[in-house]
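Engineer: curious how this folds, go ahead:
(chains A, B, C and D)
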2 protein chains.
Amino acid sequence: MGSKTKKVPKASSKVNKEATHYHHGDLRQACLEGALKFIEQGEPNFSLRDLARKIGVSHQAPYHHFKSLGELLAGLAEAGYSEFANKLLEARSKAKGRALPAMGLAYTRFAYEKPHHYRLMFLDARVRIGEHAGLGAEAERSFSELLKGVEHDYKSQRLSRAQILSKAAAVWSFTHGLSCLLLDGRLDICGLKAPLSQKDFDGLSPV
Amino acid sequence: MGSKTKKVPKASSKVNKEATHYHHGDLRQACLEGALKFIEQGEPNFSLRDLARKIGVSHQAPYHHFKSLGELLAGLAEAGYSEFANKLLEARSKAKGRALPAMGLAYTRFAYEKPHHYRLMFLDARVRIGEHAGLGAEAERSFSELLKGVEHDYKSQRLSRAQILSKAAAVWSFTHGLSCLLLDGRLDICGLKAPLSQKDFDGLSPV
DNA sequence: AGCTAATCTTTACGTTGTCTAGATATGGCA
DNA sequence: TGCCATATCTAGACAACGTAAAGATTAGCT
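Structural biologist: Got it, this is the predicted structure:
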């Protein structure tokens, strides 16, 4: 592309973190942002070289910040989980009565609004949860939000820990399955189409 | 393997279908079987050239039977759906009382026993349902089995068509989500591990 | 036998991920 | 200030991939 896009080597008047460096300013961040754009615009199979071209660096540069494509994607997934957990938290804290219906709807809404990000987080085989420190942590935070919702809605029933976990597993399974099937349009046959309303969701949800 | 496995170019005393041909005997079938082996042995990202090598033909030969890798995978997924539908049918017809619990368990069992096949059928982005004639048909047959299960278990309640479809969507969502999360080990945190027993499943299932 | 079409091989091209080596900039230390 | 180890980035090379084009081989029919 343009050869006049000279980067700014002077981005360091006050270095505070560990980024904002050198030639590109902050290549690591640029990689994440560029990759995010690819994903959000529906091209989750972009190559590392595509990414390097888009950013305007050599095809090898990203390797100095990410061991592999998988690690880069894991970084994106982690950010996704963070936002996801916040959405769940928000739904729970705003809910008047029961929390789970609102959280379930927020769950499917997230999947609907960021389908490619959702796929990256939950379905992409290239992203191996557990192989990346922060990723697993952020994913567990999402789950713990769900758990709080269950505890809230069932607190009068004095369930055992095992019963609460079982309920959470059921809720998670249903909502995840619903989101996946909706994303793939597989529920068209049932007359269901995203985005779901609260009424739609409550009509379906067995919990 | 052995180099003495000369193919049978003479397989045509009575040609009945449209296969059993030429050099290889039946290359199309050989491709499907070879690809199936790759998938079942946990290498769903095999290349077309890998496949051609394994079969012992040129890397270009498969192209005469499949327009693309996606089409080949679609063929496998279709066979998977066929077996899947049969499993659901079997569970339904063998069930003494309610059909759905048995069918749900059979569903998760299939996913557990053929994880890579299940991923291919439901999660692999390379397989676009709807772009392949037989694939969509076989997938719908699976769903119609589920539908029959719902009709059976709720027939005393005289539900409307829409209500039945809604129930089916809920059951499908839950069971699919459960299978996915189990496959990825994401329910370990809840103390759940595949393969599930009927008791496990019934304890979870909200339907 | 000879023709046509299906089947398969060979060769070639552009792209990818990754390895290696070399260039350039940075920040700390003498 | 000058220098150097190190972090950062570029450049070149390699094997493997998907796919296309064209040539060879075989089957089935007349």
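Engineer: please identify which helix or strand holds the residue positioned nearest the centre of chain A.
Structural biologist: Most central in chain A under C-alpha atoms, centre = their mean is residue A:80, positioned 2.5 Å from the mean C-alpha point. Assigned by DSSP states H and E, residue A:80 falls within helix A:69-94.
Engineer: any part of that helix near DNA strand C?
Structural biologist: Yes - using C-beta under 7 Å from any atom of the strand, helix A:69-94 reaches DNA strand C at residue A:69. From N, CA and C alone the C-beta is placed, and that goes for glycine too.
Engineer: before we move on, the earlier item: quick check: the residue nearest to the centre of chain A vs chain B, distance?
Structural biologist: Noted for residue A:80: a distance of 15 Å to chain B, by C-beta to the nearest C-beta, to the nearest Å.
Engineer: and what of residue A:59?
Structural biologist: Here residue A:59 is placed at a distance of 21 Å from chain B (C-beta to the nearest C-beta).
Engineer: torsion angles phi and psi at the closest residue to residue A:152 other than its chain neighbours?
Structural biologist: Computed as C-beta to C-beta, 6 or more residues apart in numbering or on different chains, the closest residue to residue A:152 that is not its neighbour in sequence is residue A:99, at 4.7 Å. Main-chain dihedrals, residue A:99, degrees, to the nearest 10: phi -90, psi -40.
Engineer: so what are the domain limits for chain A?
Structural biologist: A:27-64, A:69-204 (automatic domain parsing).
Engineer: C-terminal to the helix holding residue A:80, what's the next element?
Structural biologist: Taking DSSP H and E, what comes next after helix A:69-94 is helix A:100-113.
Engineer: can you list contacts of whichever helix or strand comes after that next one?
Structural biologist: Counting by DSSP H and E, the next helix or strand C-terminal to helix A:100-113 is helix A:115-122. With C-beta atoms under 8 Å, 6 or more residues apart in numbering or on different chains as the test, helix A:115-122 has contacts from A:39-40, A:42, A:44, A:73, A:76-77, A:80-81, A:84, A:110-111, A:127, A:139, A:176, A:179-180, A:183, B:125, B:180.
Engineer: what about residue A:52, which SS state?
Structural biologist: With DSSP: H, G, I helix; E, B strand; the rest coil as the basis, residue A:52 sits in helix.
Engineer: count the residues that sit near it.
Structural biologist: 19 (other C-beta atoms under 10 Å in any protein chain shown).
Engineer: any idea how far the residue nearest to residue A:152 is from DNA strand D?
Structural biologist: Per C-beta to the nearest atom of the strand, to the nearest Å, residue A:99 is found 43 Å from DNA strand D.
Engineer: which residues of chain A fall in helices?
Structural biologist: A:27-40, A:48-55, A:69-94, A:100-113, A:115-122, A:133-153, A:161-183, A:198-204 (DSSP state H).
Engineer: I'd like these laid out as a markdown table, including mean pLDDT.
Structural biologist: Formatted as a markdown table, these follow (pLDDT from 0 to 100):
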| stretch | mean pLDDT |
| --- | --- |
| helix A:27-40 | 91 |
| helix A:48-55 | 92 |
| helix A:69-94 | 93 |
| helix A:100-113 | 97 |
| helix A:115-122 | 93 |
| helix A:133-153 | 93 |
| helix A:161-183 | 97 |
| helix A:198-204 | 95 |
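Engineer: got the end-to-end distance for stretch A:123-136?
Structural biologist: In stretch A:123-136, first residue to last residue: 15 Å (C-alpha to C-alpha, to the nearest Å).
Engineer: how distant is it from the center of its chain?
Structural biologist: Distance of stretch A:123-136 from the chain centroid (C-alpha atoms, centre = their mean, to the nearest Å) equals 11 Å.
Engineer: cool, and stretch A:135-149?
Structural biologist: 12 Å.
Engineer: again, but for stretch A:91-102
Structural biologist: Put simply, stretch A:91-102 sits 21 Å off its chain's centre (C-alpha atoms, centre = their mean).
Engineer: flag every buried residue along it.
Structural biologist: Residues A:91-92, A:95, A:99-102 are the ones in stretch A:91-102 that count as buried (16 or more other C-beta atoms under 10 Å in any protein chain shown).
Engineer: of these, closest to chain B?
Structural biologist: Among these, residue A:100 lies closest to chain B (C-beta to the nearest C-beta), at 11.6 Å.
Engineer: any idea how far the closest one lies from residue B:202?
Structural biologist: As for residue A:100, its distance to residue B:202 is 21 Å (criterion: C-beta to C-beta, to the nearest Å).
Engineer: and residue A:135, by the same measure?
Structural biologist: With C-beta to C-beta as the criterion, residue A:135 and residue B:202 are 33 Å apart.
Engineer: repeat for residue A:122
Structural biologist: Taken as C-beta to C-beta, the span from residue A:122 to residue B:202 is 26 Å.
Engineer: ok, residue A:194 next?
Structural biologist: From residue A:194 to residue B:202 the distance is 30 Å (C-beta to C-beta).
Engineer: more crowded one of those two?
Structural biologist: Legend: neighbour count by other C-beta under 10 Å for residue A:194 and residue B:202, higher for residue A:194 (18 against 14).
Engineer: which other helices and strands contact the helix holding residue A:80?
Structural biologist: helix A:27-40, helix A:100-113, helix A:115-122, helix A:133-153 (3 or more C-beta pairs under 8 Å, 6 or more residues apart in numbering or on different chains; DSSP states H and E).
Engineer: residue B:66: which of the ones you listed is closest?
Structural biologist: The closest of the helices and strands packed on helix A:69-94 to residue B:66 is helix A:115-122. By C-beta to C-beta, the value is 25.1 Å.
Engineer: for chain B, what are the nearby residues on chain A?
Structural biologist: For chain A, the residues in contact with chain B (C-beta under 8 Å from any C-beta of the partner chain) are A:44-45, A:119, A:122-123, A:125, A:129-130, A:139-140, A:143, A:162, A:165-166, A:168-170, A:172-178, A:180-181, A:184-187, A:189-192, A:203-207.
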